[in-house]
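Enquirer: I'd like to go over a predicted model; first the sequence, then the structure.
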Amino acid sequence: MVRHTTCIMSIPSTASIESQLPTTWSSYPCSDISTVMPGYTSRLWSQDSQPQYWSKYQVWEWLQQMLDMHQIDAASIPFQNFDVDGRQLCSMTYQDFTRAAGTVGPILYHSLTELKWSGQYPGVEFSPLDVIKSEPDDFPCPFTEPSIYPSDIYDPSFQSLAPVASPTPSSPDTNRSHSRPHQVKKHNPRGTHLWEFIRDILLSPERNPGLIKWEDRTDGVFRFLKSEAVAQLWGKKKNNSSMTYEKLSRAMRYYYKREILERVDGRRLVYKFGRNARGWRESEK
DNA sequence: GCCAGATTTCCTGGTT
DNA sequence: GAACCAGGAAATCTGG
């Protein structure tokens, strides 16, 4: 009701934002982010596409991808059980996976099996995207679908490794849900949280083309370099073409109360991770 | 259908 | 004056 009028009111700001961006960004809903962020495409998976050649780092990335894909709580998987490289991962049996990841084990096992199987086709360059694509065939726009980010489409949330002893909470309030010790699906209706999205951009410097940068890595202080571009990226992820930095920053300010972020007085576009933000410290990687 | 969590949207006023 | 910051208030969306 009110939305209709307010939408009209927001048109000028949105238009001005889009005019600052490359035209491909404006071709919503299915733009090619690679034109905006050269080098993002196919960097992660194409070279080491076969799981047996993965590093430990890539194994963790794959795990994180699986969590994202299946909306599985990170707490469900003891990451320390997967402190292995691709070769060791591939040698794990179904039972090994079940032992290492409990009820999530079979999901991981089948995913990996598919990866290995696909990689056996000579001449066919494989990426996890292919597996994901082969499941539901109804993704209109890759950029809005979290489950297909890893390959061609940049999604910083894919980088959230967080192989930490205490799993990355979706929110600091997850303490309240202590009555669900083996929760498979967390209450995270919108997928990755904004602060995690921001964190993961920061944790992917090689895939972060000057959007956000660390001001003080140790203290968790960071600064937006391209505030509107980040907002647009966030908007793409949320399938919301009218996202602006103004709105994004409002959401950021809500994190102050929850101590996910701390105020950095007197500095524009500068934020700091708070005590309830997890997974951003180098020691947590 | 209700509820809660996490934004999203709009707004006013202040600061840089 | 533009861009940003701070927060209040209400709406929206989604999973439980």
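Expert: Okay, I see it. Numbering: from 1, shown residues only, chains lettered A, B, ... in the order given.
Enquirer: show me the shaky parts of the stretch 51-200 of chain A.
Expert: Scanning the stretch 51-200 of chain A for pLDDT under 70 picks out A:55-58, A:60-61, A:64-80, A:114, A:116-191.
Enquirer: where does A:Ala229 land in three-state SS?
Expert: Using DSSP: H, G, I helix; E, B strand; the rest coil, the secondary structure recorded for A:Ala229 is helix.
Enquirer: give the burial count for it, as a bare number.
Expert: Each residue near A:Ala229 was counted by other C-beta atoms under 10 Å, and the total is 22. Yep, even glycine has a C-beta here, placed from its N, CA and C like the rest.
Enquirer: same check on A:Tyr255?
Expert: A:Tyr255 has 22 neighbours, counted by other C-beta under 10 Å.
Enquirer: for A:Glu282, same thing?
Expert: The number of residues near A:Glu282, taken as other C-beta under 10 Å, comes to 8.
Enquirer: do A:Lys213 as well
Expert: 14.
Enquirer: hey, C-alpha coordinates of the helix or strand encompassing it in PDB?
Expert: A:Lys213 is part of strand A:212-216, with elements assigned from DSSP states H and E. The C-alpha trace of strand A:212-216 is given here as PDB (Å, rounded to 0.1, in the frame of the first residue of the first chain):
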ATOM      1  CA  ILE A 212      36.100  -2.900   1.100                       C
ATOM      2  CA  LYS A 213      39.500  -2.900   2.700                       C
ATOM      3  CA  TRP A 214      41.000  -3.600   6.100                       C
ATOM      4  CA  GLU A 215      42.000  -0.600   8.000                       C
ATOM      5  CA  ASP A 216      43.300  -2.500  10.900                       C
END
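Enquirer: mind giving me the packing neighbours of it?
Expert: Packing contacts for strand A:212-216, counted by 3 or more C-beta pairs under 8 Å, 6 or more residues apart in numbering; DSSP states H and E, involve helix A:194-202, strand A:221-224.
Enquirer: let's see it at 6 Å
Expert: On a contact count with 3 or more C-beta pairs under 6 Å, 6 or more residues apart in numbering; DSSP states H and E, strand A:212-216 meets strand A:221-224.
Enquirer: ok, now which ones touch A:Glu215?
Expert: A:Val221, A:Phe222, A:Arg223 (C-beta atoms under 6 Å, 6 or more residues apart in numbering).
Enquirer: let's see that with 8 Å instead.
Expert: A:Glu215 is in contact with A:Val221, A:Phe222, A:Arg223, A:Val270, counting by C-beta atoms under 8 Å, 6 or more residues apart in numbering.
Enquirer: can you read off the pLDDT for it?
Expert: Reported pLDDT at A:Glu215 in the predicted model: 90.
Enquirer: check the gap between the nearest residue to it once chain neighbours are set aside and DNA strand B for me.
Expert: Nearest non-adjacent residue to A:Glu215, counting by C-beta to C-beta, 6 or more residues apart in numbering: A:Val221, 4.2 Å away. A:Val221 sits 17 Å away from DNA strand B when distances are taken as C-beta to the nearest atom of the strand, to the nearest Å.
Enquirer: I'd guessed A:Val221 sits against A:Leu269; true?
Expert: No: counting by C-beta atoms under 8 Å, A:Leu269 is not a contact partner of A:Val221; they are 11.3 Å apart.
Enquirer: ok, back up a step: run a quick neighbour tally on the residue nearest to A:Glu215.
Expert: 16.
Enquirer: with A:Ser227 instead?
Expert: Neighbours of A:Ser227 (other C-beta under 10 Å): 18.
Enquirer: report the contact partners of it.
Expert: By C-beta under 8 Å, 6+ apart, A:Ser227 lies in contact with A:Tyr245, A:Leu248, A:Ser249, A:Leu269.
Enquirer: tabulate the residues you listed (TSV), appending secondary structure.
Expert: Output for the contacts of A:Ser227, formatted as TSV (three-state DSSP):
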residue	secondary structure
A:Tyr245	helix
A:Leu248	helix
A:Ser249	helix
A:Leu269	coil
